[in-house]
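Trainee: When you get a sec, could you give me coordinates for this:
(4 chains)
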2 protein chains.
Amino acid sequence: MSVTIKDVAKHCKVSSATVSRVLNNDPRISEKTRIKVMKSVKELNYRINGVARSLKTNRTNTVGFICPEISNIFFMSIAKGVEDELKKSGYSVIICNSNENKEDEKERIKLLCEKCVDGIIIIPSTNEGKHFKCLNDANIPTVLVDRLVEDFQSDAVLVDNINGSYSAVEYLINKGFKRIGFIGGNIMLTSARERYEGYLRALKDYCIPLDESIVKFGDFHVESGYAIMKDLMQQDNPPHFVFISNYYMHAGATKYLIENKYNLKSNVLVASFDDMELSSIFGFSILRVRQPMTEIGIKAAQLLLNRIDGNNANYPQIIRLKTELITER
Amino acid sequence: MSVTIKDVAKHCKVSSATVSRVLNNDPRISEKTRIKVMKSVKELNYRINGVARSLKTNRTNTVGFICPEISNIFFMSIAKGVEDELKKSGYSVIICNSNENKEDEKERIKLLCEKCVDGIIIIPSTNEGKHFKCLNDANIPTVLVDRLVEDFQSDAVLVDNINGSYSAVEYLINKGFKRIGFIGGNIMLTSARERYEGYLRALKDYCIPLDESIVKFGDFHVESGYAIMKDLMQQDNPPHFVFISNYYMHAGATKYLIENKYNLKSNVLVASFDDMELSSIFGFSILRVRQPMTEIGIKAAQLLLNRIDGNNANYPQIIRLKTELITER
DNA sequence: TTGAAAGCGCTAACAA
DNA sequence: TTGTTAGCGCTTTCAA
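Mentor: Predicted coordinates for the structure are as follows:
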């Protein structure tokens, strides 16, 4: 069928071990042999069979990346960082969609185990982590990203959500806003919880009482942002300022406001977590908390590579990246 | 190290062949044995080693997906369809970023070949396809998506770009707009070229002379859309209507208009190719040409699976999916 | 219905 | 510096 190392060996009259050594840049091989072998490799159009190599070496140079949703620009910006960083070390990444549900997540993990990936990066879809434990049993290094889970300890790369929303809310307070509404994500997720926590702390530190009527939680999706903003605006005494916990809810909330002819420069003001490529284009939030998404992916990849290489210092290690405040104009 | 099929065999006192048969649902195995084996599998917490299996079967159940950019919502919406469809058949997908450049693309192809993927889906980064030919040599089924290339024939899934922009421009003409500007993508890409072609045909069919001063080409990116819209608007006689060739250029163009206080409901009107989740939220285009992105991915996956299964009918097969006209309100 | 054994293509220990 | 050879974990042919 296809050309094997043996064919190459025969072709240039050396042993297959020698060919293998040349292919793997083994230093103790003569220049003459190397050239001869490479010539045959070219002539026969030989390609390494990575599967056979993996079976022998117990390394696949492949990493799994599981996220709740593939067509989500936030997750994919992280994935981009991961891919970029891993490819430098010759790794490729299998991307899996957990569909925001635990069962799928479980299945994908099983699949990746069978594929013998060298490591896994997961953006968990829920706050449960029991089903991650098999990764420990299988000895597959794992890095959690964006969120932590219960019942499972591991390396993780997160952002400083608390101080992210704290600093945003603080900024707003200093601008003179006192009554700031809050649209949160699913409070089961650590990221959502932490962003709320930052909001609370800022209010507290500035002695602003919490008005629970203008604090609502949803699920990080467009529809949810829309519904909650509607809910808020239809109250007797709607807030004039709202802090929204992520990009998609921000979009949904904005949709509601535009549809209902609110003036987004005076009538209702909005700030949000996340700053995407398109956030600035539709200048409807005066303030955004930027997460370094690619950076998150890069850090996760680096941490994982480290573990794959057997460096087990400081396990479990949690990296918290700082957010950045983006103000409009 | 880890549990192998032999361990299981020993544990329940059968041969490894029998264990293998059970794991592969071979029918000619007694119920009694099956149960016994599965019990051992559970007890030993055995997991199939996919690498060894792949070496033997010459199938990896893995497909490569190469696209110009990972953090691009259009490409990733296609990837989502691909992943979804492939996972039904037990495949997983390695996602690669070609970084919109031919060299990276070439490298990724080489990598995927070495990984022995069963097939590859590519959204080409340029109009060149010479470097795809090795896929034929390696006997790896390939499906092109979104764009065709020169010097390489293969199955492909595209949308009907010509009629997509034709029908949009026609709609506008029927609405009474005569002087319609055009912002195009890189004309080397078939998708960009076809969208321009549709524009031209519509003008021609309605006897509207082409005004080249309001036709500009860029590269499908935000910045490009911004720059071109600026260029158009700074002309002596700027168009009152502009048709834009994709989502990102549309976003960039809108950015320019908003920054410069154009009224997007009366002053300058805009229509565009692509209709994304967020397109409707910022209601600044009165008309959009929706591509069925997930569908594209699904079709590409189906076509590929077909080829992987050895069905070589109608090669090369080109599937053109229809677009849909979305009007605002 | 089950088992024995060969071998997929590669790497690496050992020998020369 | 190079060759011989065992074996990674699985599937599958052939035999029983």
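
Trainee: give the contact list for the nearest residue to A:L264 once chain neighbours are set aside.
Mentor: Of all residues not flanking A:L264 in the chain, A:F284 sits nearest, at 4.5 Å (CB to CB, 6 or more residues apart in numbering or on different chains). Any C-beta I mention is one placed from the backbone N, CA and C, and that applies to glycine too. Going by CB atoms under 8 Å, 6 or more residues apart in numbering or on different chains, A:F284 touches A:254, A:257-258, A:264, A:270.

Trainee: secondary structure class for A:K230?
Mentor: What DSSP: H, G, I helix; E, B strand; the rest coil gives for A:K230 is helix.

Trainee: Any idea how many residues pack against it?
Mentor: For A:K230, the count of nearby residues is 16 (other CB atoms under 10 Å in any protein chain shown).

Trainee: isn't it right up against A:L257?
Mentor: No: counting by CB atoms under 8 Å, A:K230 sits too far from A:L257 to count as a contact (9.3 Å).

Trainee: follow-up on the earlier one: do you know how far the residue nearest to A:L264 is from A:R290?
Mentor: When distance is defined by CB to CB, to the nearest Å, A:F284 is 16 Å away from A:R290.

Trainee: Show me which residues of chain A sit near DNA strand C.
Mentor: A:1-2, A:4-6, A:16-17, A:20, A:23-24, A:46, A:48-49, A:52-53, A:55-57 (CB under 7 Å from any atom of the strand).

Trainee: So which of those sit within helices?
Mentor: A:5-6, A:16-17, A:20, A:23, A:52-53, A:55-57 (DSSP state H).

Trainee: Need those in a markdown table (columns: neighbour count, pLDDT and distance to B:I66).
Mentor: Listed next are those as a markdown table, based on neighbours: other CB atoms under 10 Å in any protein chain shown; pLDDT from 0 to 100; distance: CB to CB, whole Å:
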| residue | neighbour count | pLDDT | distance to B:I66 |
| --- | --- | --- | --- |
| A:I5 | 22 | 95 | 27 |
| A:K6 | 11 | 94 | 31 |
| A:S16 | 14 | 94 | 31 |
| A:A17 | 11 | 94 | 34 |
| A:S20 | 17 | 95 | 28 |
| A:L23 | 16 | 95 | 24 |
| A:A52 | 16 | 97 | 24 |
| A:R53 | 19 | 97 | 22 |
| A:L55 | 18 | 96 | 25 |
| A:K56 | 11 | 96 | 27 |
| A:T57 | 12 | 95 | 25 |
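
Trainee: just checking: which of those residues also lie near chain B?
Mentor: A:52, A:55 (CB under 8 Å from any CB of the partner chain).

Trainee: biggest separation within the ones in helices among the residues of chain A next to DNA strand C, which pair?
Mentor: The distance between the two most remote of those (CB to CB) is 18.3 Å, for A:K6 and A:T57.

Trainee: Which parts of the stretch 101-250 of chain A are strands?
Mentor: Secondary structure of the stretch 101-250 of chain A by DSSP state E, counting those that start in this stretch: the strands cover A:119-122, A:142-145, A:155-159, A:180-184, A:215-217, A:241-244.

Trainee: can you redo these as JSON lines with distance to A:I208?
Mentor: Output for those, formatted as JSON lines (distance: least, CB to CB, whole Å):
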{"stretch": "strand A:119-122", "distance to A:I208": "37"}
{"stretch": "strand A:142-145", "distance to A:I208": "33"}
{"stretch": "strand A:155-159", "distance to A:I208": "25"}
{"stretch": "strand A:180-184", "distance to A:I208": "8"}
{"stretch": "strand A:215-217", "distance to A:I208": "12"}
{"stretch": "strand A:241-244", "distance to A:I208": "12"}
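
Trainee: mind checking which of the ones you listed is nearest B:E114?
Mentor: strand A:119-122 (19.1 Å).

Trainee: who's in contact with the most centrally placed residue in chain A?
Mentor: For chain A, the residue nearest the mean C-alpha position is A:I78 (4.1 Å; CA atoms, centre = their mean). By CB under 8 Å, 6+ apart, A:I78 lies in contact with A:67, A:123, A:145-146, A:293-294, A:296-297, A:300.

Trainee: What residues does the stretch 1-150 of chain A have near DNA strand D?
Mentor: So the stretch 1-150 of chain A meets DNA strand D at A:13-18, A:21, A:27-30, A:32-33, A:52, A:55-56 (CB under 7 Å from any atom of the strand).
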